[in-house]
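Asker: Here is my input; please provide its structure:
(one chain, ligands or ions: 2)
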Amino acid sequence: MAVNTTNQTYGLWINGVWKEKTEVLEVLNKYTQNVEAAIARSEKKDVDEAVEGAKEAYKETFSAYDRYLVLTNTARLLLEKKEEFARVLVAEVGKPIRDSRVEVERAAQTLEISAEEAKRIHGEGVPVESAPGSENRMAFTLRVPVGVVAAITPFNVPLNLVCHKIGPALAAGNAVVLKPAEVTPLCALMLAEVFKEAGLPDGRLQVITGDGAEVGGWLLENQDVKMFTFTGSPRVGEIIRQKAGLRKVSLELGNNSATIVHKDADLDKAAALIANKSFNNAGQVCISVQRVYVHQDVKTPFIQLLKDKTEQLQTGDPLDETIDIGPMIRQAEAERVEEWVNEAVSDGATLVTGGSRNGAFYEPTILSDVKREMKVCKQEVFGPVVGIDTYATIDEVIEQVNDSDYGLQAGLFTNDLAFAMKAAKEIEVGGLIVNDASAYRVDHMPYGGVKKSGTGKEGPRYAIEEMTEERIIVLNL
Ligand SMILES: NC(=O)c1ccc[n+]([C@@H]2O[C@H](COP(=O)([O-])OP(=O)(O)OC[C@H]3O[C@@H](n4cnc5c(N)ncnc54)[C@H](O)[C@@H]3O)[C@@H](O)[C@H]2O)c1
Ligand SMILES: O=C[C@H](O)CS(=O)(=O)O
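Answerer: Ligands and ions are numbered 1, 2, ... in the order given. Sure, this is the predicted structure:
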(Lines give C-alpha, C1' and ligand atoms only; values in the text may rest on other atoms or scores of the structure.)
(Ligands and ions follow the chains in the order given, each with its own letter.)
Protein backbone atom coordinates (compact mmCIF):
# COMPACT_ATOMS: atom_id res chain seq x y z
CA MET A 1 0.00 0.00 0.00
CA ALA A 2 1.51 3.32 -1.03
CA VAL A 3 0.65 5.89 1.57
CA ASN A 4 2.15 9.30 2.10
CA THR A 5 -0.02 10.97 4.67
CA THR A 6 -0.25 10.48 8.37
CA ASN A 7 -3.15 8.74 10.17
CA GLN A 8 -2.21 5.81 7.97
CA THR A 9 -0.49 2.50 8.35
CA TYR A 10 2.87 2.41 6.63
CA GLY A 11 4.32 -0.78 5.23
CA LEU A 12 7.99 -1.58 4.77
CA TRP A 13 9.61 0.05 1.75
CA ILE A 14 11.25 -2.85 -0.04
CA ASN A 15 12.31 -2.88 -3.69
CA GLY A 16 10.32 0.26 -4.46
CA VAL A 17 6.93 -0.88 -3.15
CA TRP A 18 5.16 -1.00 0.19
CA LYS A 19 5.09 -4.38 1.88
CA GLU A 20 2.22 -4.56 4.34
CA LYS A 21 2.59 -6.24 7.71
CA THR A 22 -0.06 -7.27 10.18
CA GLU A 23 1.97 -6.45 13.26
CA VAL A 24 2.32 -2.71 13.70
CA LEU A 25 3.73 -0.13 16.12
CA GLU A 26 1.94 3.13 16.85
CA VAL A 27 3.61 6.50 16.28
CA LEU A 28 2.26 9.21 18.58
CA ASN A 29 1.80 12.90 17.97
CA LYS A 30 4.20 14.15 20.63
CA TYR A 31 2.06 17.17 21.53
CA THR A 32 -1.46 15.73 21.53
CA GLN A 33 -0.35 12.17 22.42
CA ASN A 34 -2.90 10.92 19.84
CA VAL A 35 -1.92 8.17 17.46
CA GLU A 36 -0.51 9.85 14.36
CA ALA A 37 0.20 6.76 12.27
CA ALA A 38 1.17 3.11 12.50
CA ILE A 39 4.32 1.51 11.13
CA ALA A 40 5.13 -2.06 10.23
CA ARG A 41 6.99 -4.25 12.68
CA SER A 42 9.62 -6.11 10.65
CA GLU A 43 10.38 -9.77 11.11
CA LYS A 44 13.82 -11.24 10.44
CA LYS A 45 12.73 -12.46 7.00
CA ASP A 46 11.78 -8.86 6.03
CA VAL A 47 15.18 -7.56 7.05
CA ASP A 48 16.89 -10.29 5.02
CA GLU A 49 14.62 -9.55 2.04
CA ALA A 50 15.49 -5.85 2.25
CA VAL A 51 19.23 -6.59 2.38
CA GLU A 52 18.97 -9.10 -0.48
CA GLY A 53 17.05 -6.57 -2.62
CA ALA A 54 19.67 -3.91 -1.88
CA LYS A 55 22.44 -6.34 -2.81
CA GLU A 56 20.77 -7.10 -6.14
CA ALA A 57 20.11 -3.41 -6.87
CA TYR A 58 23.74 -2.61 -6.10
CA LYS A 59 24.86 -4.92 -8.92
CA GLU A 60 23.03 -2.77 -11.50
CA THR A 61 24.86 0.12 -13.16
CA PHE A 62 24.03 3.48 -11.59
CA SER A 63 26.40 6.08 -13.00
CA ALA A 64 27.76 9.01 -11.04
CA TYR A 65 25.84 11.41 -13.26
CA ASP A 66 22.57 9.51 -12.71
CA ARG A 67 23.23 9.54 -8.97
CA TYR A 68 23.72 13.29 -9.19
CA LEU A 69 20.44 13.69 -11.10
CA VAL A 70 18.40 11.56 -8.69
CA LEU A 71 19.77 13.33 -5.61
CA THR A 72 19.20 16.75 -7.17
CA ASN A 73 15.64 15.81 -8.15
CA THR A 74 14.95 14.51 -4.65
CA ALA A 75 16.20 17.75 -3.09
CA ARG A 76 13.93 19.77 -5.41
CA LEU A 77 10.89 17.59 -4.73
CA LEU A 78 11.51 17.75 -1.00
CA LEU A 79 11.48 21.54 -1.13
CA GLU A 80 8.25 21.45 -3.12
CA LYS A 81 6.76 19.35 -0.31
CA LYS A 82 8.34 21.43 2.45
CA GLU A 83 5.15 22.26 4.30
CA GLU A 84 3.89 18.67 4.21
CA PHE A 85 7.15 17.32 5.63
CA ALA A 86 7.43 20.13 8.18
CA ARG A 87 3.97 19.33 9.55
CA VAL A 88 4.86 15.67 9.92
CA LEU A 89 8.02 16.67 11.80
CA VAL A 90 5.90 18.80 14.12
CA ALA A 91 3.67 15.82 14.81
CA GLU A 92 6.22 13.04 15.14
CA VAL A 93 8.96 14.95 16.99
CA GLY A 94 7.02 17.78 18.67
CA LYS A 95 9.49 20.16 16.97
CA PRO A 96 8.14 23.71 16.52
CA ILE A 97 6.92 24.46 13.00
CA ARG A 98 9.53 27.15 12.25
CA ASP A 99 12.35 24.79 13.22
CA SER A 100 10.69 21.94 11.31
CA ARG A 101 10.72 24.00 8.12
CA VAL A 102 14.42 24.69 8.69
CA GLU A 103 15.04 20.96 9.05
CA VAL A 104 13.36 20.27 5.69
CA GLU A 105 15.41 23.02 4.03
CA ARG A 106 18.61 21.61 5.54
CA ALA A 107 17.69 18.07 4.45
CA ALA A 108 17.29 19.32 0.87
CA GLN A 109 20.68 21.03 1.18
CA THR A 110 22.27 17.82 2.43
CA LEU A 111 20.93 15.96 -0.61
CA GLU A 112 22.05 18.71 -2.96
CA ILE A 113 25.56 18.70 -1.50
CA SER A 114 25.61 14.90 -1.81
CA ALA A 115 24.55 15.24 -5.47
CA GLU A 116 27.44 17.61 -6.14
CA GLU A 117 29.89 15.30 -4.40
CA ALA A 118 28.69 12.35 -6.51
CA LYS A 119 30.37 13.99 -9.51
CA ARG A 120 33.75 14.52 -7.88
CA ILE A 121 34.60 11.26 -6.15
CA HIS A 122 38.16 10.59 -7.20
CA GLY A 123 41.41 8.91 -6.29
CA GLU A 124 44.94 10.20 -6.77
CA GLY A 125 48.16 9.40 -8.55
CA VAL A 126 50.68 7.51 -6.42
CA PRO A 127 54.36 7.82 -7.49
CA VAL A 128 55.28 4.15 -7.19
CA GLU A 129 57.89 4.73 -9.91
CA SER A 130 60.06 6.47 -7.33
CA ALA A 131 60.73 3.16 -5.56
CA PRO A 132 63.91 1.33 -6.70
CA GLY A 133 62.99 -1.33 -9.24
CA SER A 134 59.60 0.25 -10.03
CA GLU A 135 60.84 2.71 -12.66
CA ASN A 136 58.44 1.38 -15.30
CA ARG A 137 55.35 1.34 -13.11
CA MET A 138 52.56 3.84 -12.57
CA ALA A 139 49.77 3.80 -10.00
CA PHE A 140 46.59 5.57 -9.02
CA THR A 141 43.81 5.00 -6.53
CA LEU A 142 40.08 4.59 -7.06
CA ARG A 143 37.34 5.03 -4.49
CA VAL A 144 34.87 2.17 -4.82
CA PRO A 145 31.53 1.82 -3.02
CA VAL A 146 31.37 -0.65 -0.14
CA GLY A 147 28.09 -2.27 -1.30
CA VAL A 148 25.13 -2.51 1.07
CA VAL A 149 25.18 0.13 3.83
CA ALA A 150 22.87 -0.17 6.84
CA ALA A 151 21.86 3.23 8.23
CA ILE A 152 20.38 3.48 11.71
CA THR A 153 19.13 6.89 12.81
CA PRO A 154 17.93 8.67 16.00
CA PHE A 155 14.63 10.33 16.84
CA ASN A 156 15.61 13.97 17.22
CA VAL A 157 16.39 15.15 13.66
CA PRO A 158 14.66 12.38 11.72
CA LEU A 159 14.76 13.92 8.26
CA ASN A 160 18.10 15.71 7.97
CA LEU A 161 20.08 13.03 9.78
CA VAL A 162 18.50 10.41 7.52
CA CYS A 163 19.59 12.50 4.52
CA HIS A 164 23.12 12.66 5.98
CA LYS A 165 23.20 8.87 5.62
CA ILE A 166 21.22 8.22 2.43
CA GLY A 167 22.66 11.17 0.48
CA PRO A 168 26.37 10.27 0.72
CA ALA A 169 25.71 6.52 0.59
CA LEU A 170 23.84 6.81 -2.72
CA ALA A 171 26.21 9.46 -4.05
CA ALA A 172 29.07 7.01 -3.47
CA GLY A 173 27.26 4.30 -5.46
CA ASN A 174 26.07 2.13 -2.58
CA ALA A 175 22.65 0.66 -1.82
CA VAL A 176 21.13 1.57 1.55
CA VAL A 177 18.94 -0.22 4.07
CA LEU A 178 17.60 2.44 6.43
CA LYS A 179 16.21 1.73 9.91
CA PRO A 180 14.77 4.99 11.24
CA ALA A 181 13.95 5.58 14.93
CA GLU A 182 10.68 3.85 15.80
CA VAL A 183 9.27 6.93 17.54
CA THR A 184 9.89 9.26 14.57
CA PRO A 185 9.94 7.17 11.38
CA LEU A 186 7.33 8.98 9.27
CA CYS A 187 9.41 11.50 7.34
CA ALA A 188 11.89 8.76 6.43
CA LEU A 189 9.09 6.60 5.04
CA MET A 190 7.68 9.55 3.08
CA LEU A 191 11.14 10.33 1.76
CA ALA A 192 11.42 6.85 0.24
CA GLU A 193 8.50 7.66 -2.10
CA VAL A 194 10.07 10.99 -2.99
CA PHE A 195 13.29 9.21 -3.98
CA LYS A 196 11.27 6.90 -6.23
CA GLU A 197 9.49 9.87 -7.82
CA ALA A 198 12.94 11.41 -8.38
CA GLY A 199 14.04 8.35 -10.36
CA LEU A 200 15.95 6.23 -7.83
CA PRO A 201 16.16 2.62 -9.07
CA ASP A 202 14.12 0.21 -6.94
CA GLY A 203 16.11 -1.52 -4.21
CA ARG A 204 18.79 1.17 -3.92
CA LEU A 205 16.94 2.47 -0.85
CA GLN A 206 15.05 0.13 1.48
CA VAL A 207 13.31 1.42 4.60
CA ILE A 208 12.53 -1.08 7.31
CA THR A 209 10.86 -0.28 10.59
CA GLY A 210 10.19 -2.02 13.87
CA ASP A 211 11.73 -2.56 17.25
CA GLY A 212 15.21 -1.01 17.25
CA ALA A 213 17.06 -3.76 19.09
CA GLU A 214 15.35 -6.50 17.07
CA VAL A 215 15.80 -4.98 13.61
CA GLY A 216 19.27 -3.68 14.47
CA GLY A 217 20.25 -7.15 15.67
CA TRP A 218 19.07 -8.81 12.44
CA LEU A 219 20.91 -6.24 10.34
CA LEU A 220 24.06 -6.89 12.34
CA GLU A 221 23.70 -10.65 11.82
CA ASN A 222 23.38 -10.26 8.05
CA GLN A 223 26.87 -10.51 6.56
CA ASP A 224 25.75 -8.99 3.25
CA VAL A 225 25.68 -5.64 5.04
CA LYS A 226 29.16 -4.25 4.50
CA MET A 227 28.97 -1.10 6.59
CA PHE A 228 26.98 0.37 9.47
CA THR A 229 26.45 4.10 9.70
CA PHE A 230 24.83 4.90 13.02
CA THR A 231 23.70 8.05 14.78
CA GLY A 232 22.35 7.67 18.30
CA SER A 233 23.33 6.92 21.86
CA PRO A 234 26.76 5.68 22.97
CA ARG A 235 25.03 2.63 24.51
CA VAL A 236 23.71 1.42 21.14
CA GLY A 237 26.86 2.62 19.36
CA GLU A 238 28.92 0.25 21.46
CA ILE A 239 26.59 -2.68 20.66
CA ILE A 240 26.98 -1.95 16.95
CA ARG A 241 30.75 -1.61 17.21
CA GLN A 242 30.96 -4.99 19.01
CA LYS A 243 28.62 -6.89 16.69
CA ALA A 244 29.81 -5.45 13.38
CA GLY A 245 33.08 -7.36 13.69
CA LEU A 246 35.57 -6.42 11.02
CA ARG A 247 33.04 -4.51 8.94
CA LYS A 248 33.16 -0.73 8.55
CA VAL A 249 31.36 1.29 11.23
CA SER A 250 30.74 5.00 11.50
CA LEU A 251 29.33 6.24 14.82
CA GLU A 252 27.85 9.67 15.55
CA LEU A 253 27.06 9.58 19.26
CA GLY A 254 26.20 11.78 22.23
CA ASN A 255 27.81 14.76 23.92
CA ASN A 256 27.57 17.03 26.97
CA SER A 257 28.64 20.06 24.97
CA ALA A 258 30.57 22.84 26.61
CA THR A 259 30.69 26.51 25.69
CA ILE A 260 33.15 28.97 27.25
CA VAL A 261 32.32 32.64 27.78
CA HIS A 262 35.57 34.53 28.34
CA LYS A 263 35.83 37.88 30.15
CA ASP A 264 36.49 39.77 26.88
CA ALA A 265 33.49 38.29 25.04
CA ASP A 266 30.48 40.18 23.72
CA LEU A 267 28.22 39.00 26.56
CA ASP A 268 24.97 40.00 24.91
CA LYS A 269 25.81 38.08 21.75
CA ALA A 270 27.00 35.08 23.78
CA ALA A 271 23.83 35.03 25.90
CA ALA A 272 21.57 35.32 22.83
CA LEU A 273 23.30 32.49 20.97
CA ILE A 274 23.51 30.25 24.04
CA ALA A 275 19.82 30.79 24.90
CA ASN A 276 18.90 29.93 21.34
CA LYS A 277 21.17 26.91 21.07
CA SER A 278 20.62 25.31 24.45
CA PHE A 279 16.89 24.92 24.26
CA ASN A 280 16.28 24.37 20.55
CA ASN A 281 14.27 21.16 19.98
CA ALA A 282 13.77 21.09 23.79
CA GLY A 283 17.52 20.54 24.18
CA GLN A 284 17.35 17.27 22.25
CA VAL A 285 20.27 18.11 19.98
CA CYS A 286 23.59 16.33 20.32
CA ILE A 287 25.55 19.61 20.24
CA SER A 288 23.11 21.60 22.45
CA VAL A 289 24.92 23.76 24.97
CA GLN A 290 24.81 21.84 28.24
CA ARG A 291 27.85 23.08 30.18
CA VAL A 292 28.67 26.79 30.22
CA TYR A 293 31.97 27.96 31.68
CA VAL A 294 31.94 31.70 32.28
CA HIS A 295 34.95 33.71 33.46
CA GLN A 296 34.47 34.63 37.11
CA ASP A 297 34.77 38.39 36.38
CA VAL A 298 31.67 38.38 34.14
CA LYS A 299 29.56 35.73 35.85
CA THR A 300 26.85 38.02 37.25
CA PRO A 301 26.08 40.11 34.14
CA PHE A 302 26.27 37.05 31.88
CA ILE A 303 23.86 34.99 33.98
CA GLN A 304 21.41 37.91 34.09
CA LEU A 305 21.51 38.28 30.28
CA LEU A 306 21.10 34.55 29.72
CA LYS A 307 18.20 34.41 32.18
CA ASP A 308 16.42 37.35 30.48
CA LYS A 309 16.78 35.85 27.02
CA THR A 310 15.77 32.38 28.14
CA GLU A 311 12.64 33.66 29.85
CA GLN A 312 11.52 35.19 26.55
CA LEU A 313 11.29 31.75 24.92
CA GLN A 314 7.73 30.57 24.35
CA THR A 315 6.76 27.00 25.18
CA GLY A 316 3.62 25.33 23.84
CA ASP A 317 1.86 23.82 20.82
CA PRO A 318 4.61 23.20 18.25
CA LEU A 319 2.21 23.97 15.39
CA ASP A 320 1.81 27.53 16.68
CA GLU A 321 4.08 29.87 14.67
CA THR A 322 5.09 31.79 17.81
CA ILE A 323 6.35 28.78 19.77
CA ASP A 324 10.06 28.20 20.38
CA ILE A 325 9.97 25.02 22.46
CA GLY A 326 7.73 21.99 22.21
CA PRO A 327 7.43 18.84 24.31
CA MET A 328 10.24 16.37 24.84
CA ILE A 329 10.00 13.09 22.96
CA ARG A 330 8.22 11.35 25.82
CA GLN A 331 7.10 12.13 29.36
CA ALA A 332 9.56 9.66 30.85
CA GLU A 333 12.44 11.72 29.37
CA ALA A 334 11.03 14.93 30.89
CA GLU A 335 10.72 13.11 34.23
CA ARG A 336 14.36 12.00 34.01
CA VAL A 337 15.47 15.58 33.34
CA GLU A 338 13.34 16.78 36.27
CA GLU A 339 15.01 14.22 38.53
CA TRP A 340 18.53 15.23 37.45
CA VAL A 341 17.79 18.94 38.00
CA ASN A 342 16.25 18.30 41.43
CA GLU A 343 19.23 16.18 42.40
CA ALA A 344 21.63 18.95 41.30
CA VAL A 345 19.72 21.55 43.32
CA SER A 346 19.73 19.38 46.42
CA ASP A 347 23.50 18.92 45.93
CA GLY A 348 24.10 22.67 45.93
CA ALA A 349 23.31 24.02 42.45
CA THR A 350 21.30 27.26 42.22
CA LEU A 351 18.16 27.31 40.09
CA VAL A 352 18.39 30.50 38.03
CA THR A 353 15.23 29.93 35.99
CA GLY A 354 12.91 27.09 34.98
CA GLY A 355 12.91 23.81 36.82
CA SER A 356 9.33 22.69 36.37
CA ARG A 357 7.65 20.02 34.30
CA ASN A 358 4.20 19.71 32.80
CA GLY A 359 3.71 16.28 31.26
CA ALA A 360 6.33 15.92 28.50
CA PHE A 361 7.18 19.64 28.65
CA TYR A 362 10.21 20.68 30.64
CA GLU A 363 10.81 24.40 31.11
CA PRO A 364 14.05 25.89 29.73
CA THR A 365 16.23 25.66 32.82
CA ILE A 366 19.44 27.34 33.93
CA LEU A 367 21.47 26.14 36.90
CA SER A 368 24.48 27.91 38.30
CA ASP A 369 27.07 26.76 40.87
CA VAL A 370 27.02 23.28 39.36
CA LYS A 371 29.72 20.73 40.24
CA ARG A 372 31.38 18.56 37.65
CA GLU A 373 30.25 15.25 39.17
CA MET A 374 26.53 16.18 38.97
CA LYS A 375 24.56 14.23 36.35
CA VAL A 376 23.56 17.50 34.64
CA CYS A 377 27.27 18.07 33.93
CA LYS A 378 28.81 14.63 33.66
CA GLN A 379 26.17 12.82 31.62
CA GLU A 380 24.33 13.85 28.47
CA VAL A 381 21.11 15.63 29.55
CA PHE A 382 19.54 15.70 26.06
CA GLY A 383 16.95 18.11 27.43
CA PRO A 384 16.51 21.87 27.94
CA VAL A 385 19.00 22.35 30.78
CA VAL A 386 22.16 24.43 31.01
CA GLY A 387 24.57 24.25 33.96
CA ILE A 388 26.90 27.20 34.56
CA ASP A 389 30.26 27.02 36.30
CA THR A 390 33.04 29.61 36.54
CA TYR A 391 36.78 29.65 35.93
CA ALA A 392 39.72 31.92 36.63
CA THR A 393 42.41 30.90 34.14
CA ILE A 394 42.53 29.65 30.58
CA ASP A 395 44.34 26.45 31.57
CA GLU A 396 41.70 25.77 34.20
CA VAL A 397 38.78 26.09 31.78
CA ILE A 398 40.42 23.93 29.13
CA GLU A 399 40.85 21.25 31.78
CA GLN A 400 37.19 21.63 32.82
CA VAL A 401 35.94 21.27 29.23
CA ASN A 402 38.15 18.24 28.64
CA ASP A 403 36.97 16.55 31.83
CA SER A 404 34.26 14.74 29.90
CA ASP A 405 33.73 11.30 28.44
CA TYR A 406 32.52 13.04 25.28
CA GLY A 407 34.04 15.25 22.59
CA LEU A 408 31.74 16.24 19.75
CA GLN A 409 31.82 20.04 19.54
CA ALA A 410 32.54 22.94 21.90
CA GLY A 411 31.98 26.70 21.70
CA LEU A 412 34.25 29.55 22.80
CA PHE A 413 33.33 33.24 23.00
CA THR A 414 36.48 35.35 23.05
CA ASN A 415 38.28 38.01 21.08
CA ASP A 416 41.65 36.78 22.35
CA LEU A 417 43.25 35.13 19.35
CA ALA A 418 45.93 33.43 21.45
CA PHE A 419 43.25 31.83 23.65
CA ALA A 420 41.25 30.75 20.59
CA MET A 421 44.30 29.10 19.03
CA LYS A 422 45.34 27.41 22.28
CA ALA A 423 41.78 26.09 22.65
CA ALA A 424 41.82 24.91 19.01
CA LYS A 425 44.88 22.79 19.82
CA GLU A 426 44.01 21.61 23.31
CA ILE A 427 40.24 21.13 23.55
CA GLU A 428 39.45 17.50 22.80
CA VAL A 429 36.56 17.69 20.32
CA GLY A 430 35.71 17.05 16.69
CA GLY A 431 34.90 20.75 16.23
CA LEU A 432 35.55 24.01 18.06
CA ILE A 433 33.28 26.94 17.25
CA VAL A 434 34.80 30.33 18.06
CA ASN A 435 32.42 33.17 18.87
CA ASP A 436 29.38 30.95 18.65
CA ALA A 437 27.91 28.21 20.80
CA SER A 438 28.77 24.52 20.41
CA ALA A 439 25.58 23.92 18.42
CA TYR A 440 26.75 25.36 15.10
CA ARG A 441 26.51 23.07 12.12
CA VAL A 442 26.15 23.57 8.39
CA ASP A 443 25.69 20.45 6.38
CA HIS A 444 28.83 20.37 4.25
CA MET A 445 31.31 20.71 7.11
CA PRO A 446 33.11 17.69 8.61
CA TYR A 447 31.12 16.65 11.65
CA GLY A 448 31.89 13.95 14.16
CA GLY A 449 33.35 13.41 17.57
CA VAL A 450 36.16 11.93 19.62
CA LYS A 451 36.02 9.84 22.81
CA LYS A 452 32.47 8.57 23.50
CA SER A 453 31.05 10.93 20.87
CA GLY A 454 32.00 8.43 18.20
CA THR A 455 34.24 7.72 15.27
CA GLY A 456 34.04 8.73 11.64
CA LYS A 457 32.82 11.93 10.04
CA GLU A 458 29.62 13.14 8.44
CA GLY A 459 29.11 15.96 5.96
CA PRO A 460 28.65 14.43 2.48
CA ARG A 461 32.24 14.71 1.28
CA TYR A 462 33.59 13.13 4.48
CA ALA A 463 30.85 10.52 4.74
CA ILE A 464 31.60 9.46 1.17
CA GLU A 465 35.17 8.74 2.26
CA GLU A 466 33.78 6.55 5.04
CA MET A 467 31.38 4.82 2.65
CA THR A 468 33.95 3.94 -0.01
CA GLU A 469 37.09 1.83 -0.07
CA GLU A 470 40.35 3.12 -1.47
CA ARG A 471 41.77 0.73 -4.07
CA ILE A 472 45.22 1.09 -5.63
CA ILE A 473 45.75 0.19 -9.27
CA VAL A 474 49.37 -0.46 -10.32
CA LEU A 475 50.35 -0.59 -14.01
CA ASN A 476 53.47 -2.51 -15.03
CA LEU A 477 54.31 -0.79 -18.31
N1 LIG B 1 26.53 12.84 17.02
C2 LIG B 1 25.45 13.08 16.32
O3 LIG B 1 25.51 13.50 15.18
C4 LIG B 1 24.10 12.84 16.93
C5 LIG B 1 22.98 13.36 16.30
C6 LIG B 1 21.73 13.14 16.85
C7 LIG B 1 21.60 12.38 18.00
N8 LIG B 1 22.69 11.88 18.58
C9 LIG B 1 22.57 11.11 19.82
O10 LIG B 1 21.46 10.23 19.76
C11 LIG B 1 20.95 10.00 21.06
C12 LIG B 1 19.45 10.20 21.07
O13 LIG B 1 18.82 9.47 20.06
P14 LIG B 1 18.03 8.12 20.34
O15 LIG B 1 17.41 8.16 21.69
O16 LIG B 1 17.15 7.90 19.14
O17 LIG B 1 19.22 7.07 20.35
P18 LIG B 1 19.18 5.48 20.45
O19 LIG B 1 20.59 5.03 20.49
O20 LIG B 1 18.27 5.04 21.51
O21 LIG B 1 18.50 5.01 19.07
C22 LIG B 1 19.09 5.30 17.84
C23 LIG B 1 18.67 4.26 16.81
O24 LIG B 1 19.19 3.00 17.20
C25 LIG B 1 18.16 2.01 17.15
N26 LIG B 1 18.49 0.94 18.09
C27 LIG B 1 18.07 0.80 19.37
N28 LIG B 1 18.62 -0.32 19.91
C29 LIG B 1 19.40 -0.87 18.95
C30 LIG B 1 20.25 -2.02 18.91
N31 LIG B 1 20.39 -2.83 19.96
N32 LIG B 1 20.91 -2.29 17.77
C33 LIG B 1 20.80 -1.47 16.70
N34 LIG B 1 20.00 -0.36 16.68
C35 LIG B 1 19.31 -0.07 17.79
C36 LIG B 1 16.92 2.81 17.48
O37 LIG B 1 15.77 2.14 17.06
C38 LIG B 1 17.17 4.08 16.69
O39 LIG B 1 16.85 3.91 15.33
C40 LIG B 1 21.68 10.99 21.95
O41 LIG B 1 22.70 10.35 22.65
C42 LIG B 1 22.25 11.99 20.96
O43 LIG B 1 23.36 12.71 21.41
C44 LIG B 1 23.94 12.08 18.08
O1 LIG C 1 21.47 16.21 17.15
C2 LIG C 1 22.49 16.47 16.56
C3 LIG C 1 22.48 16.97 15.18
O4 LIG C 1 23.51 16.38 14.45
C5 LIG C 1 22.61 18.45 15.14
S6 LIG C 1 22.05 19.08 13.64
O7 LIG C 1 20.59 19.01 13.61
O8 LIG C 1 22.62 18.29 12.55
O9 LIG C 1 22.50 20.47 13.56
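
Asker: which is the next helix or strand following the helix of greatest length in the chain?
Answerer: Counting residues, the longest helix found in the chain (DSSP state H) is helix 97-118. Next in sequence after helix 97-118, counting helices and strands by DSSP states H and E, comes strand 125-126.

Asker: List the strands paired with that next one, with their directions.
Answerer: When pairs are called by DSSP bridges, strand 125-126 turns out to pair with strand 137-145 (antiparallel).

Asker: Kindly report the residues of the chain close to ligand 2.
Answerer: Selection of the chain residues close to ligand 2 by CB under 6 Å from any ligand atom yields 156-157, 160, 285-287, 441. Every residue, glycine included, has its C-beta placed from N, CA and C.

Asker: need the residues you listed in a markdown table with pLDDT, neighbour count and secondary structure, can you?
Answerer: Below are the residues of the chain next to ligand 2 laid out as a markdown table (pLDDT from 0 to 100; neighbours: other CB atoms under 10 Å; DSSP: H, G, I helix; E, B strand; the rest coil):
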| residue | pLDDT | neighbour count | secondary structure |
| --- | --- | --- | --- |
| 156 | 98 | 22 | coil |
| 157 | 98 | 26 | coil |
| 160 | 98 | 23 | helix |
| 285 | 98 | 21 | coil |
| 286 | 97 | 29 | coil |
| 287 | 98 | 26 | coil |
| 441 | 98 | 18 | coil |
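
Asker: Now do the longest helix of the chain: which elements does it pack against?
Answerer: Packing partners of helix 97-118 (3 or more CB pairs under 8 Å, 6 or more residues apart in numbering; DSSP states H and E): helix 64-80, helix 82-93, helix 160-171, helix 460-466.

Asker: Check the protein and tell me which residue is nearest its centre.
Answerer: Among the residues of the chain, the one closest to the centroid is residue 161, at 4.8 Å (CA atoms, centre = their mean).

Asker: Can you say which of the helices and strands packed on helix 97-118 is packed in most?
Answerer: Highest mean neighbour count among these (mean count of other CB atoms under 10 Å): helix 160-171, with a mean of 29.

Asker: any idea of the angle that helix forms with helix 82-93?
Answerer: Using axes from the mean of the first three to the mean of the last three CA atoms, to 10 degrees, one finds that helix 160-171 and helix 82-93 are set 120 degrees apart in direction.

Asker: next SSE after helix 160-171?
Answerer: Under the assignment DSSP H and E, the closest C-terminal helix or strand after helix 160-171 is strand 175-179.

Asker: Return the closest of the residues of the chain next to ligand 2 with respect to ligand 1.
Answerer: Distance to ligand 1, by CB to the nearest ligand atom, is smallest for residue 286 among these, at 3.4 Å.

Asker: Which positions in stretch 257-274 come out as buried?
Answerer: Buried residues in stretch 257-274, counting neighbours by 16 or more other CB atoms under 10 Å, are found at 257-263, 265, 267, 270-274.
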